[in-house]
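> A structural model of the following input is requested.
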Amino acid sequence: MKQRSRAGGKLVVKTRHRNTVTLKRSSVPKPMRRRSSSAVDQETKVARLTRELHEALEQQTATAKVLQVISRSTFDLQPVLDTLVESATRLCEAYDSVILLRDGERLRVRAHYGPMPVDFVDWPIGRGWVTGRVFIDHKPIHVHDLQAAVDEYPDGSAMAIRLGHRTILVTPLMREDEAIGALVVRRTEVRPFTDKQIELVTTFADQAVIAIENTRLLNELRQSLEQQTATADVLEVISRSAFDLQMVLDTLVESATRLCEAQDAFIFLPSGDLYRVAARYGFTPEFHEFIKSNPITIDQGSVVGRTAIDGRLVHISDVLSDPKYTRHDGQKVGGFRAALGVPLLRERNVVGVIFLSRTKPQPFTDKQIELAQTFADQAAIAIENVRLLKELRERTEEVEKLNQHLEQRVADQVGEIERMGRLRRFLPPQVADLIVASGTERQLESHRRDITALFCDLRGFTGFSESSDPEDVMALLRDYHAAIGEIIIKYSGTLERYAGDGVMVVFNDPVPMDNPALQAVLMALEMREAIGALTEKWRRLGHDIGFGIGIAHGFATLGTIGFEGRFDYAAIGTVSNVASRLCDEAKPGQILISPRVLMAVEDAVTVEAIGEFTLKGIRRPLAAYNVLATNPAN
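Here you go, the predicted structure:
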């Protein structure tokens, strides 16, 4: 007999046999069924993660591929755009992808991948279709079923019905808040793109902008380098061909044709009332012969004539649609449509015209026009150079006649300059000018005269120079000499010599003055004030430097000493030694004067007696006085 019951959540079968009870477990317990469901969930999760990983790897690989193409195709944008539309179609599970770039107020297809035909190669920007609205709104648009969006996108819906696509995603290519293009991804069934796919399309759009911008910048750089090279070549030809104008003009028309992307170029120069060809590049022999036989008349009927009359640039996108253009016989022979005339100007006068043309009605860009103007300027410079050189050549004989006279004048001026330089080294400018004006240097010959000698130097300079860098020593001396030099010139002192910080100045020679002692003392007072400001500055820098002056009056022998190429003006006598010794005894800030100097200035200044000094080389002690200030009464 068997009985079934549940115990503790387990199925138990009780079997009675010979009074024995046997318990048996169920063959399929519930815990085993739960583990089987968990395993299925685990497998599903692993499959999902594997798929996501695979998608991520595919996206990273595609992005790396695009970046690699960008790095390889520095000047060629098309491979990058082709790679982007291919990657976008494949990774977004789309039917096709298109990249359109803005061209004025219209959109032009630049890259397409997929079997769907593209019939909007050139479309206007407008709100009636998705891509046109993206350019206006500057944001992506995702339409799940474009065929059903007749009211919102009438043009786009009609196109979708005609071509068979349903879901569409359009992302703008933005550069500095401006839409320069769009990336379009389409599907033929109603199946919206996922968030990851939308994010991927946005990434591709950003990469397209990077590639477009890189290509634009590199092309601009290349064009700029080409223009600079062409300009340098022309300038080099101008410098080499000083008398050969034809070589310069030939180089200009060739460079202008190539860099302005023209079919051909002419340079016309005036000949009486007509303009004739001076240089050409690219024109057929038939047109060249026509122009030679039919020079340009100065009227509004031709680009060259109009440019010559107006004296400004003339740019016609299509001469056949210009009502003023009447020279159609030349246009038929030349076959040009777009034309550019730039005047060659010299002092606002037209001296020629450069003429560029194209066989298609395609206007020249602003940069090309600017470059053509540069070439026109260079042509005008070359023409002017040749004119000036011709005039110079014609005057050569006259110049040769004047050469001897000029050489003599130059020799006289050189001698005068050397003489002035020799005098200015130790005389104030006004004294040197006086000697030169007199026409004689007799004042500089050896002679004896009563003079006032002033000697000054810096206290503590020797210690400073021994402990400081040479650069610091030179800087201090520059400041020092500059300060006292201006004062010496102001008081008409004659700089006898200077050596390092020691400076000697004499008064009353070679030009006499009424009171040389007073002049020396007044100069000393101004020197002390000027150097006082400098010593304060030096003290803040850690340099303990003072300034002392000694002044004496007496007879000395004066004149030039030295040798050819190096002369100095010197004062020899006891007065120079006394001034130097008084300077040695002066403390920082003191102006020590001798008794003879005091007799000449005592009414003009206030002094204090210092006492007597036994000076080296002087037999008797000498009384010295320190000048304090000028007398207020004077």
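
> so where's the stretch 251-400 of the chain uncertain?
Across the stretch 251-400 of the chain, the ranges flagged by pLDDT under 70 are 399.

> do the chain as well
For the chain, the ranges with pLDDT under 70 are 1-43, 45-75, 119-121, 219-243, 399, 419-434, 436, 438-444, 564-567, 633-634.

> Domain-wise, how is it divided?
For the chain, the structural domains run 1-52, 73-218, 241-392, 425-630, going by automatic domain parsing.

> Just put these in TSV and tack on distance to Q404 and mean neighbour count.
From N, CA and C alone the C-beta is placed, and that goes for glycine too. Converted to TSV, the domains of the chain look like this (distance: least, C-beta to C-beta, whole Å; neighbours: other C-beta atoms under 10 Å):
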stretch	distance to Q404	mean neighbour count
domain 1-52	98	10
domain 73-218	62	18
domain 241-392	19	18
domain 425-630	24	17
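
> Looking at those, which is nearest to N403?
Among the domains of the chain, domain 241-392 comes nearest to N403, with 14.5 Å by C-beta to C-beta.

> what about that closest one, distance to the chain center?
Averaged C-alpha coordinates place domain 241-392 at 33 Å from its chain's average position (C-alpha atoms, centre = their mean, to the nearest Å).

> Could you do stretch 85-105 as well?
With C-alpha atoms, centre = their mean, you get 40 Å for stretch 85-105.

> start to end distance for it?
23 Å (C-alpha to C-alpha, to the nearest Å).

> and L274, what is it in contact with?
P295, I296, T297, I298 (C-beta atoms under 8 Å, 6 or more residues apart in numbering).

> Look up which residues are beta-bridged to it.
S271, T297 (DSSP bridges).

> Grab the nearest non-local neighbour of H481.
Y498 (7.2 Å; C-beta to C-beta, 6 or more residues apart in numbering).

> Name the SS class of that neighbour, please.
Secondary structure, DSSP: H, G, I helix; E, B strand; the rest coil: Y498 is strand.

> The domains of the chain into CSV, with extra columns for distance to G415?
As requested, those are exported to CSV (distance: least, C-beta to C-beta, whole Å):
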stretch, distance to G415
domain 1-52, 97
domain 73-218, 62
domain 241-392, 30
domain 425-630, 11
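
> what's the closest of those domains to Q408?
Of these, nearest to Q408 by C-beta to C-beta is domain 425-630, at 17.5 Å.

> same for the helix or strand where I484 lies, what does it pack against?
When elements are defined using DSSP states H and E, I484 is found to belong to helix 470-490. In terms of contacts (3 or more C-beta pairs under 8 Å, 6 or more residues apart in numbering; DSSP states H and E), helix 470-490 is packed against helix 461-467, strand 502-507, helix 516-540.

> Would you mind getting the angle between it and helix 516-540?
150 degrees (axes from the mean of the first three to the mean of the last three C-alpha atoms, to 10 degrees).

> May I have helix 470-490 as PDB, with CA atoms only?
Provided in PDB are the C-alpha atoms of helix 470-490 (Å, rounded to 0.1, in the frame of the first residue of the first chain):
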ATOM      1  CA  PRO A 470      82.100  93.000 -13.100                       C
ATOM      2  CA  GLU A 471      78.600  93.500 -14.600                       C
ATOM      3  CA  ASP A 472      77.400  95.300 -11.400                       C
ATOM      4  CA  VAL A 473      80.500  97.500 -11.300                       C
ATOM      5  CA  MET A 474      80.000  98.500 -15.000                       C
ATOM      6  CA  ALA A 475      76.300  99.300 -14.300                       C
ATOM      7  CA  LEU A 476      77.200 101.500 -11.400                       C
ATOM      8  CA  LEU A 477      79.800 103.400 -13.400                       C
ATOM      9  CA  ARG A 478      77.400 103.900 -16.200                       C
ATOM     10  CA  ASP A 479      74.800 105.500 -13.900                       C
ATOM     11  CA  TYR A 480      77.600 107.600 -12.200                       C
ATOM     12  CA  HIS A 481      79.200 108.900 -15.400                       C
ATOM     13  CA  ALA A 482      75.800 109.600 -17.000                       C
ATOM     14  CA  ALA A 483      74.700 111.700 -13.900                       C
ATOM     15  CA  ILE A 484      77.900 113.900 -13.700                       C
ATOM     16  CA  GLY A 485      78.500 114.000 -17.500                       C
ATOM     17  CA  GLU A 486      75.300 116.000 -18.200                       C
ATOM     18  CA  ILE A 487      76.200 118.400 -15.300                       C
ATOM     19  CA  ILE A 488      79.800 119.000 -16.700                       C
ATOM     20  CA  ILE A 489      78.400 119.900 -20.100                       C
ATOM     21  CA  LYS A 490      75.800 122.200 -18.500                       C
END
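
> What segments of the stretch 51-200 of the chain are helices?
Taking DSSP state H, counting those that start in this stretch as the test, the helices found in the stretch 51-200 of the chain are 78-91, 130-137, 154-163, 195-240.

> next one: the stretch 351-500 of the chain
Under DSSP H, counting those that start in this stretch, the stretch 351-500 of the chain gives helices at 366-394, 396-424, 429-438, 461-467, 470-490.

> Quick check: which of the ones you listed is nearest to G617?
helix 461-467 (20.9 Å).

> Redo the helices of the stretch 351-500 of the chain as a markdown table? Include distance to V130.
Formatted as a markdown table, the helices of the stretch 351-500 of the chain follow (distance: least, C-beta to C-beta, whole Å):
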| stretch | distance to V130 |
| --- | --- |
| helix 366-394 | 33 |
| helix 396-424 | 78 |
| helix 429-438 | 86 |
| helix 461-467 | 84 |
| helix 470-490 | 74 |
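
> before we move on, the earlier item: Throw the helices and strands packed on helix 470-490 into a markdown table and include distance to F613, thanks.
Output for the helices and strands packed on helix 470-490, formatted as a markdown table (distance: least, C-beta to C-beta, whole Å):
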| stretch | distance to F613 |
| --- | --- |
| helix 461-467 | 21 |
| strand 502-507 | 19 |
| helix 516-540 | 18 |
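
> Indicate which one of those is closest to D568.
D568 sits nearest to strand 502-507 of all the helices and strands packed on helix 470-490, at 10.9 Å, using C-beta to C-beta.
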